[in-house]
Each structure stands twice: as structure tokens, then as C-alpha cells.
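Participant: Need the 3D shape of this:
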Amino acid sequence: MITFGLTLVRHGETQYNKDKLLQGQGIDTPLSDVGLRQAEAAGHYLRDIRFTNAFVSNLQRATQTAEIILRKNVHSSALEMVLDPLLRERGFGVAEGRPKEDLKNMANAAGQACRDFTPPGGETLQQVKSRFQKFLKSMLQCTVDEHSGAGQCACPSSIPTHSELLQPVVAGLASDGFADVLPVHAIVVSHGAFIRVAVRHLVDDLQCHLPAGLKMNQVYSACPNTGISRFVITVDIDEGGPRPTAIYCIFINRKDHLASLKDSN
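Facilitator: Numbers count the residues shown, from 1 in each chain. I've put the predicted structure just below:
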């Protein structure tokens, strides 16, 4: 058995984000000046968190964000990123490069909610979820392979109890989630629509435990640029490979680090 932290981060702002244009997978834009400052702020916020693994979408807005976060990290600045195309944004087909309003109009014409609508050539939500499931399985296997040796597997005395993890997070600290007693902590840098699907799968399908006071509209809300979410996952290893036996949400879409940017404007 191994228990580890999982921190999900959305990439910083791009000019397409600012202009409310869809990027998806086919448009690979860099961070804007604001996005670079957001990534710097996220890096400063997470600077004292020890990451043992970094999994990153291979689109440049995500890799730039991850590079900045890791570069500012006290413990993990030399950590090698694993660039994984499974972490790419949802593909929006013919809607990529067009205003988000166009996607809404296409969905309305089809009589569907915008979030559920798949434009021609785009990925369905189920396809995105399947990508996340494949990534999660790969990440769990990687985590077990690298960290289940002597001295790396979390001993029962160091694993936070059920009641501890379900207490509301009131400290608002970057270390929320018992990072100091977890031997393994993975950071994953991806994209807004992908993260939204991933969180929904963890909560709805894998029965993730939510902290008291967290409202469901917060759980399912859109992740802001460099928004941060954290989970603690306990994995058992059997004949079928590693499988999550307990998942705890610590916080969703936190953006405390962006307050300093607003203050400087």
C-alpha cells in the first residue's frame, strides 16, 4: 500500500484565453505576459512543497507553466518532467481557433448544453474521461514502480486518518493535505476542460471523499488559469496492478496565489 499526494494545476493564461478563443489541441500557443506572472505566482505559492514526480501535457502553455513552477521550487527544481500527450486539452475539432461564443451557438443549434456538446471533429467527454483513466492507471503504476521500495511505502502510522482528511481545510496553506507525512507527491499540469473532466471522474466515479463545507458547484466549476486542486490517494497493489482504494479531496480550484497579481494592477 502506498499513499501519495496529487496536485493538479491548470496552465497560465494565453492570449487565446484572454480573447476567449478555443485552443484545444490543434492550437499550441505560449503563455501571455499575464500567464507568465500567474505561473510565477503559482511557483512561489508551491515553492516549499516537495514533489517527487511531475507529469505535464506536452502543449507549450502547460510545459511553460510547469517549468516555472518547478524552477522556483526549493526541493524539486531539478525534477524531470514527464511530458504526456494523454494530458492534452480536450480536442474541440472545427471550433478550435474560434470564439467560445461560436461553440455555444453550435450547441444551442443542436439543442445541447455547451459543456456536453461535441463539435465536428472534436472529442466527446467520454473520450476525454477515457484519456484521464488511461493516464491515472499509468501514473499509479509509475508511482508504485518508483516509490514502493524500502523506506518509500507509507507506513500505516504516517497515513492521515479518515477523520483527519475529512476535516474542513481552514488554514489555506500551500501545504494543506498533509504533504509533510506523504513520501510521494505528484504534480500534474494540464488544461481547463481536461481537469474538469478528471475531477468529475474522481468525485463521481471513484467516490472521492470531499471535505465538509465544499459545495458541489465548487467541485464542478471551471478551473481558473493556474488554479490548484489537491487529492490524497491510497493505492493497494494486487494481481491486477495498483488500484485506488481511497481518494480524498483536500481542495478544489484554489487561486489564493493570484491575489497578489490583482493587488499589483
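
Participant: quick one: the closest residue to residue 98 other than its chain neighbours from residue 101, how far?
Facilitator: If the residues on either side of it in the chain are set aside, residue 98 comes closest to residue 22, at 6.0 Å by C-beta to C-beta, 6 or more residues apart in numbering. Where C-beta positions appear, they are placed from N, C-alpha and C, glycine not excepted. Between residue 22 and residue 101 the distance, using C-beta to C-beta, to the nearest Å, works out to 10 Å.

Participant: Settle it for me: which of those two has more neighbours?
Facilitator: The residue with more neighbours, out of residue 22 and residue 101, is residue 22; 24 against 11, by other C-beta atoms under 10 Å.

Participant: Does that one touch residue 93 like I think?
Facilitator: No. Residue 22 is beyond contact range of residue 93, at 9.6 Å (criterion: C-beta atoms under 8 Å).

Participant: name the element the residue nearest to residue 210 when sequence neighbours are not counted belongs to?
Facilitator: Once flanking residues are discounted, residue 210 sits nearest to residue 249: 5.0 Å by C-beta to C-beta, 6+ apart. Here residue 249 sits within strand 241-254, counting by DSSP states H and E.

Participant: buried sites along that strand?
Facilitator: Neighbour-count burial for strand 241-254, counted by 16 or more other C-beta atoms under 10 Å, picks out 242, 244, 246-254.

Participant: Confirm for me that residue 3 is in contact with residue 231.
Facilitator: No. Contact criterion C-beta under 8 Å: residue 3 and residue 231 do not qualify, at 11.0 Å.

Participant: which ones are touching the residue nearest to residue 210?
Facilitator: Residue 249 makes contact with 202-203, 208-211, 214, 219, 229-231 under the criterion C-beta atoms under 8 Å, 6 or more residues apart in numbering.

Participant: Over to residue 13?
Facilitator: With contacts defined as C-beta under 8 Å, 6+ apart, residue 13 is in contact with 31-32, 34-35, 38, 225.

Participant: how about these in a markdown table, adding pLDDT, secondary structure and distance to residue 67?
Facilitator: As requested, the contacts of residue 13 are exported to a markdown table (pLDDT from 0 to 100; DSSP: H, G, I helix; E, B strand; the rest coil; distance: C-beta to C-beta, whole Å):
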| residue | pLDDT | secondary structure | distance to residue 67 |
| --- | --- | --- | --- |
| 31 | 98 | strand | 10 |
| 32 | 98 | coil | 16 |
| 34 | 97 | helix | 17 |
| 35 | 98 | helix | 13 |
| 38 | 98 | helix | 14 |
| 225 | 98 | coil | 16 |
